[in-house]
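*Asks:* turn this into a model:
(one chain, ligands or ions: 1)
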Amino acid sequence: MKLQNPELLQQANYWDGLWRQSNSGETIEVKNPANNALVGKVPRMSRAEVASAIQAAERALISWRQETAQKRGQILCAWADLLLQHQDDLAEILTTEQGKPLAEAKGEVRYAASYLQWFGEEAPRNYGDTIPAAKPGQKILVQKQPIGVCGAITPWNFPIAMLARKVAAALAAGCTMVAKPAELTPFSALALALLGERAGVPAGVFNVVTGDSAAIGDEFTENPIIKKISFTGSTRVGKLLQQKSATNLTKLSLELGGNAPLIVFDDADLTLAVEGIMAAKFRNAGQTCVCINRLLVQQSVYDEVMQKLKTAVESLIVGDGHDEGVTIGPLINQSAVEKFQRHYDDAIEHGAELLCGDGKADGNFVKPVLMANGKPNMIFAHEETFAPLLIAIPFATEEEAIRIANDTPYGLAAYFYSKDISRVMRVTDALECGMVGVNETAISNATAPFGGIKWSGYGREGSKYGMDEYLQVKYVLLG
Ligand code: NAP
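*Replies:* Residues are numbered from 1 along each chain as shown. Model prediction:
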């Protein structure tokens, strides 16, 4: 890895303002998914060490919550500036541990910085309320206070952005945080911590630990100091955390898996629709929670859309994310490749028509696949594929499209393309999900509430709703 600032690659954990190794000396190896080369090692912290990090966050809470919101905001904005200043190095680390093309990695770093900036500006706007009282001579005041020490658990697919959008909101609210990144991609989180330290985040306010995920999850849910856990990851682990959080009634935000539909109606701008489909399906090699998993195309425009898509999919370039011009990097590991192949084989077996790709793998690399004649009973229509596999299902009527789109326990994002304003309003109302993109698939940004319903979880990240997740309402009656 060629870094202008090599110290950004930290092979240590950070808590209470110090960089540390585990007492046992045990480490976790991190490999580059493009070539399986060793990127580096991070400590495997024991549960007792994670408890120490949580205690540090509790000590730091006392002064951080009393700091002025302006000061907290200034530190977050300075942190955002440092991310932008070091975006080349951060992108290099991200591509090396995660695999996405460098241009996408830089985009993710800027996206991460936008959350620090936005919540830095939002911190001083944590307004309360006064409410006309029920009795004469009384006053009702409502204030929003930080919930306390928070745990964050993040996935490997957006290793810097998923953590930045949690820590930005938490720190703006006056909370402190202990974060556990995915063991496949810890270095982006550790680089984020290093820049936080340089931006002036006080010791103990933001802490990063690595180690056994189940043990850290148990410490987060069983330690009464932790008042809130913000989790982004699979629905399976989200459900587990919800069960375990019953012990302390720990508040949760769960940003879980998706199964997004994208519907192309016959009145749509088809060129715009194909651009949107390509961006939403193939970004990060199809490994995003808001990826299109089910493409629904109205029969009368089906052939035209498939032809345009075939040309676009054939122009994608697979390779190491560091290489110039590459648009599809490797999948994260072999189990991701196996899932891709299972969905591919099932679709072929049940009659889908192959237009591009071959379902074969070279290490963690797979060619992007496009198939026609998908059916709602194929595996891909029910399970998140998390790979560059796009299968289109033809439909006849609006009612049929909505029925298929909602036929899933997940409810994160949904998209559709139409120029008919009445249809836009009808379909927007009918879709069961937390976010709808109408004639647009780039829906995620710091100013908007990101999150799902049903098995995609609950809670929102970004926007004023994102800060509410880290605040609790205290009502005061003045007699
Ligand atoms: P995952 O297996 O659920 O892992 C996510 C995080 O949870 C990782 O840090 C993982 O640690 C940790 N973890 C695993 N088992 C745990 C346990 N028993 N207790 C506590 N933590 C535990 O998910 P993933 O495969 O990394 O990520 C992909 C999933 O995330 C997809 O389903 C995707 O849709 C979802 N996602 C959702 C959003 C959203 O905003 N809704 C955004 C991005 C991704 P280790 O990796 O170290 O084991």
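*Asks:* pull out the buried residues from the longest helix that the chain contains.
*Replies:* For the chain, the longest helix by residue count, based on DSSP state H, is helix 102-122. Residues 102, 104-120, 122 are the ones in helix 102-122 that count as buried (16 or more other Cβ atoms under 10 Å). Every residue, glycine included, has its C-beta placed from N, CA and C.
*Asks:* counting contacts, what elements does the stretch of helix or strand Glu49 belongs to pack onto?
*Replies:* Using DSSP states H and E, Glu49 falls within helix 47-64. Counting contacts by 3 or more Cβ pairs under 8 Å, 6 or more residues apart in numbering; DSSP states H and E, helix 47-64 is packed against strand 13-15, strand 149-153, strand 176-180, strand 206-208, helix 213-222.
*Asks:* who touches the first one?
*Replies:* Contacts of strand 13-15 with the rest of the structure, by Cβ atoms under 8 Å, 6 or more residues apart in numbering, involve 19-22, 42-43, 45, 52-53, 56-57, 178, 190, 193-194, 197, 204, 206-210.
*Asks:* quick revisit: rebuild the helices and strands packed on helix 47-64 as TSV, extending it with mean pLDDT and distance to the ligand.
*Replies:* TSV is the format used below for those (pLDDT from 0 to 100; distance: least, Cβ to the nearest ligand atom, whole Å):
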stretch	mean pLDDT	distance to the ligand
strand 13-15	98	13
strand 149-153	98	5
strand 176-180	98	6
strand 206-208	98	12
helix 213-222	98	2
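*Asks:* quick one, which of those gets closest to Glu255.
*Replies:* Closest to Glu255 of the helices and strands packed on helix 47-64 is strand 149-153 (Cβ to Cβ; 10.2 Å).
*Asks:* that closest one pairs with which strands?
*Replies:* strand 176-180 (parallel), strand 226-232 (parallel) (DSSP bridges).
*Asks:* show me the contacts for the closest residue to Glu108 other than its chain neighbours.
*Replies:* Once flanking residues are discounted, Glu108 sits nearest to Ala161: 5.0 Å by Cβ to Cβ, 6 or more residues apart in numbering. When contacts are counted by Cβ under 8 Å, 6+ apart, Ala161 touches Glu108, Val109, Tyr111, Ala112, Tyr115.
*Asks:* neighbours of the nearest residue to the fourth one once chain neighbours are set aside, how many?
*Replies:* This means Ala112. Leaving aside its sequence neighbours, Ala112 sits nearest to Ala164 (Cβ to Cβ, 6+ apart; 3.6 Å). The number of residues packed near Ala164 is 31, by other Cβ atoms under 10 Å.
*Asks:* and for Ser46?
*Replies:* 18.
*Asks:* how about Val209?
*Replies:* 28.
*Asks:* pLDDT score for it?
*Replies:* Val209 carries a pLDDT value of 98.
*Asks:* and what of Met1?
*Replies:* Taking Met1 on its own, its pLDDT is 86.
*Asks:* who's in contact with it?
*Replies:* Leu9, Val39, Glu92, Ile93, Thr96.
*Asks:* mind running it again at 10 Å?
*Replies:* 8-9, 32, 37, 39-40, 89, 92-93, 95-97, 187, 322 (Cβ atoms under 10 Å, 6 or more residues apart in numbering).
*Asks:* buried subset of the contacts of strand 13-15, written for PyMOL?
*Replies:* Here is the PyMOL command that picks out the buried ones among those, judged by 16+ other Cβ under 10 Å:
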select buried, resi 19+20+21+22+42+43+45+52+53+56+57+178+190+193+194+197+204+206+207+208+209+210
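*Asks:* who in the chain is up against the ligand?
*Replies:* With Cβ under 6 Å from any ligand atom as the criterion, the chain meets the ligand at residues 153-158, 162, 180, 182-184, 213-214, 217, 232-234, 237, 240, 255-258, 289, 384, 412, 452, 456.
*Asks:* can you flag which of those residues belong to strands?
*Replies:* Members of these lying in strands (criterion: DSSP state E): Ile153, Lys180, Thr232, Glu255.
*Asks:* ok, and the most crowded of the residues you listed?
*Replies:* Busiest of those [other Cβ under 10 Å] is Lys180, holding 29 neighbours.
*Asks:* all the strands of the stretch 251-400 of the chain, in order from the start?
*Replies:* Using DSSP state E, counting those that start in this stretch, the strands of the stretch 251-400 of the chain run over 251-255, 260-264, 292-298, 353-356, 361-362, 365-366, 369-372, 389-395.
*Asks:* for these, give me JSON lines that also has mean pLDDT.
*Replies:* Shown next, in JSON lines, are the strands of the stretch 251-400 of the chain (pLDDT from 0 to 100):
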{"stretch": "strand 251-255", "mean pLDDT": "98"}
{"stretch": "strand 260-264", "mean pLDDT": "98"}
{"stretch": "strand 292-298", "mean pLDDT": "98"}
{"stretch": "strand 353-356", "mean pLDDT": "98"}
{"stretch": "strand 361-362", "mean pLDDT": "98"}
{"stretch": "strand 365-366", "mean pLDDT": "98"}
{"stretch": "strand 369-372", "mean pLDDT": "98"}
{"stretch": "strand 389-395", "mean pLDDT": "98"}
